[in-house]
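# Kindly generate the corresponding structure for this input.
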Amino acid sequence: MVWEMDSLRAVDLLLVEDDPDDARFVDRLITEHQTALERSGREAAVSINSVEHVDRLSAGIERVGSDSPDVVLLDLALPDSAGLETIDRLVDRAPSVPIVVLTGHNEGELGVDAIRCGAQDYLVKGSITAELLLRTIGYAIERARTQRQLLDRNHRLALLNRLIRTDIRNDLSMVVGWGDQLRSSVDPRDEPALEALLEAATHTLELTDTAAELMDVLAADIDVEREACDLVTVLETELDRLQGEFGDAVTVDRTALPDESVVVSASPTLGSVFAQLLSNAAVHTDRPTASITVALETTADRATVVIADDGVGIPDSQKRLLSDPDARFDADSGMGTGLYLVTTVLDIFDGDLEITDNDPRGTAVSVTLDRVRGQ
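The predicted structure is shown next:
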């Protein structure tokens with residue numbers, strides 16, 4: 001079912017309600033309101049095409065199983081089911097059908113719990129008006145449609161993630177492994193070609209890791225559940241990993257990091273941000289040994305990590321693009337997969353990214369995050 005809020009839509013409604021007076025009230029509200037709209041020449045975003053009434057949950061489950069309605073109005077006090085179990089059973093039978101729960105006068109908390117169980121919205125019986133009812137039905141259908149689209153997107157991302165992490169990565173690892181064995185037997189004239197092949201394969205292998213991390217971020221809910229993260233511990237972990245990977249090819253000055261904890265609002269995904277920035281600083285250099293300095297500056301509300309290197313630097317025009325939150329959607333920005341991951345994660349955490357020149361050469365990248373008060 002495809003439906004937009006700004007278009008007229010004929011909706012088939014299933015009302016699951018055992019009280020005949022309440023059922024007649026809902027039906028009368030809809031009929032009278034739509035008749036008044038027709039007489040005035042106005043149109044509603046949602047037009048109720050039919051209202052089918054059943055008084056048992058079992059009948060409602062049978063109905064959604066045979067010919068699914070567009071939306072269900074569901075009472076939680078039925079002869080054959082009561083409370084939140086009523087939602088669970090209906091969602092179990094028809095997870096894609098939007099449900100609007102009808103609650104009693106003083107059941108606000110139950111209504112909120114109903115949404116957590118899978119309902120799209122809830123209405124308090126004593127406060128229902130025709131406009132409120134139709135608007136709630138419209139929004140419930142739209143939210144359900146959006147949720148289905150997100151589930152479909154996440155399913156596709158999961159399949160792509162498995163392809164990259166398993167199939168492509170395994171084949172690339174085999175290319176690198178066999179290529180490395182050929183070093184001792186290849187003709188000296190072919191050594192440059194072999195080294196170029198191995199370098200490209202190794203780089204592509206690294207890109208598959210970055211792409212997989214990025215898909216993990218994109219597949220997560222937009223409102224990522226944040227937690228208190230010790231920024232110093234995150235940095236120390238990624239710095240140890242960097243030095244383990246690059247060895248003597250990189251020197252790191254971490255003396256400006258504090259001994260005490262600095263707690264920010266983020267999630268474990270924050271480590272991938274600094275892994276990318278540190279790796280970029282180590283790789284983009286024209287010197288035998290890359291030199292990186294990491295500092296942490298704090299205010300009462302914010303914490304800023306500065307990663308400075310002595311590499312080749314970044315042109316001013318590209319620095320401006322990379323500091324623009326919308327640059328990741330611009331194909332001309334020069335933003336690679338790694339920096340796309342950085343900007344996407346920081347956007348989720350309301351973080352800021354700034355790129356400037358280092359003195360006397362190289363680049364300084366600043367990441368600013370909100371501190372957690374009271375920590």
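# What are the boundaries of the helices in the stretch 51-200 of the chain?
57-66, 84-93, 108-116, 130-162, 169-181, 191-219 (DSSP state H, counting those that start in this stretch).
# Now render these as CSV, adding mean pLDDT and mean neighbour count.
Any C-beta I mention is one placed from the backbone N, CA and C, and that applies to glycine too. Listed next are these as CSV, based on pLDDT from 0 to 100; neighbours: other Cβ atoms under 10 Å:
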stretch, mean pLDDT, mean neighbour count
helix 57-66, 90, 17
helix 84-93, 90, 17
helix 108-116, 77, 15
helix 130-162, 80, 16
helix 169-181, 85, 13
helix 191-219, 77, 16
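# so can I have JSON lines of these showing distance to residue 75?
Output for those, formatted as JSON lines (distance: least, Cβ to Cβ, whole Å):
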{"stretch": "helix 57-66", "distance to residue 75": "9"}
{"stretch": "helix 84-93", "distance to residue 75": "8"}
{"stretch": "helix 108-116", "distance to residue 75": "11"}
{"stretch": "helix 130-162", "distance to residue 75": "14"}
{"stretch": "helix 169-181", "distance to residue 75": "52"}
{"stretch": "helix 191-219", "distance to residue 75": "36"}
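# Name the surrounding residues that touch the helix or strand hosting residue 365.
Taking DSSP states H and E as the criterion, residue 365 maps to strand 363-370. Residues from elsewhere that reach strand 363-370 (Cβ atoms under 8 Å, 6 or more residues apart in numbering): 231, 264-266, 270, 273-274, 277, 281, 284, 301-309, 311, 313-314, 319, 346, 349-358.
# what's the distance between the closest residue to residue 29 other than its chain neighbours and residue 73?
For residue 29, ignoring the flanking residues on the chain, the nearest one in space by Cβ to Cβ, 6 or more residues apart in numbering is residue 130 at 4.5 Å. Here residue 130 is placed at a distance of 13 Å from residue 73 (Cβ to Cβ, to the nearest Å).
# domain parsing for this structure?
Domains of the chain are assigned by automatic domain parsing as 9-150, 221-375.
# Just give me how far the first one sits from the chain centre.
Counting by Cα atoms, centre = their mean, to the nearest Å, domain 9-150 is centred 29 Å from the centre of its parent chain.
# How much space separates residue 281 from residue 231?
From residue 281 to residue 231 the distance is 18 Å (Cβ to Cβ).
# Comparing these two, which shows the higher neighbour count?
residue 281 (27 against 24; other Cβ atoms under 10 Å).
# Pretty sure that one sits against residue 290.
Yes - in this structure, residue 281 is within contact of residue 290 by Cβ atoms under 8 Å, at 6.6 Å.
# Mutual contacts of the two, please.
Contact criterion Cβ under 8 Å, 6+ apart; residues shared by residue 281 and residue 290: 309, 311.
# for residue 115, what are its contacts?
Counting by Cβ under 8 Å, 6+ apart, residue 115 touches 101, 121-122.
# Could you export the residues you listed as a markdown table, including neighbour count and distance to residue 196?
What follows is the contacts of residue 115, written out as a markdown table (neighbours: other Cβ atoms under 10 Å; distance: Cβ to Cβ, whole Å):
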| residue | neighbour count | distance to residue 196 |
| --- | --- | --- |
| 101 | 27 | 63 |
| 121 | 18 | 59 |
| 122 | 22 | 63 |
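# out of these, who's nearest residue 242?
Closest approach to residue 242 among the contacts of residue 115 (Cβ to Cβ): residue 121, at 48.6 Å.
# Bridged to that closest one, which residues?
Per DSSP bridges, the residues bridged to residue 121 are residue 100.
# where's it relative to residue 99, distance?
From residue 121 over to residue 99 the distance is 8 Å, taken as Cβ to Cβ.
# Residue 238 is nearest to which of the helices of the stretch 51-200 of the chain?
With Cβ to Cβ as the measure, helix 191-219 is the member of the helices of the stretch 51-200 of the chain nearest residue 238 (13.0 Å).
# looking at this structure, which helix or strand is least sure?
helix 316-322 (a mean of 69; mean pLDDT, DSSP states H and E).
# Identify each buried residue in the helix or strand following that one, please.
Later in the chain than helix 316-322, the nearest helix or strand by DSSP H and E is helix 337-348. For helix 337-348, burial by neighbour count (16 or more other Cβ atoms under 10 Å) applies to 337-346, 348.
# Return the mean pLDDT over helix 337-348, rounded to an integer.
In this model, helix 337-348 has a mean pLDDT of 79.
# what packs against it?
helix 191-219, helix 270-283, strand 352-357 (3 or more Cβ pairs under 8 Å, 6 or more residues apart in numbering; DSSP states H and E).
# So what's the residue count around residue 246?
Per other Cβ under 10 Å, the neighbour tally for residue 246 reads 18.
# if I look at the spatially closest residue to it that is not a sequence neighbour, how far off is residue 240?
Leaving aside its chain neighbours, residue 246 sits nearest to residue 282 (5.2 Å; criterion: Cβ to Cβ, 6+ apart). With distances taken as Cβ to Cβ, residue 282 is found 14 Å from residue 240.
# quick one: which of these two has more around it?
residue 282 (22 against 12).
# tell me how far stretch 364-375 is from the chain's mean position?
For stretch 364-375, the distance to the chain centre is 21 Å (Cα atoms, centre = their mean).
# Please save the CA atoms from it in CSV.
Taking C-alpha atoms only, stretch 364-375 is exported to CSV below (Å, rounded to 0.1, in the frame of the first residue of the first chain):
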residue,chain,number,x,y,z
ALA,A,364,44.8,19.7,12.1
VAL,A,365,41.3,18.0,12.5
SER,A,366,39.1,19.0,15.4
VAL,A,367,36.2,17.0,16.7
THR,A,368,33.9,18.6,19.3
LEU,A,369,31.3,16.7,21.3
ASP,A,370,28.8,17.4,24.1
ARG,A,371,30.0,16.5,27.6
VAL,A,372,27.8,14.7,30.0
ARG,A,373,26.9,16.9,32.9
GLY,A,374,27.6,15.6,36.4
GLN,A,375,30.2,13.0,35.2
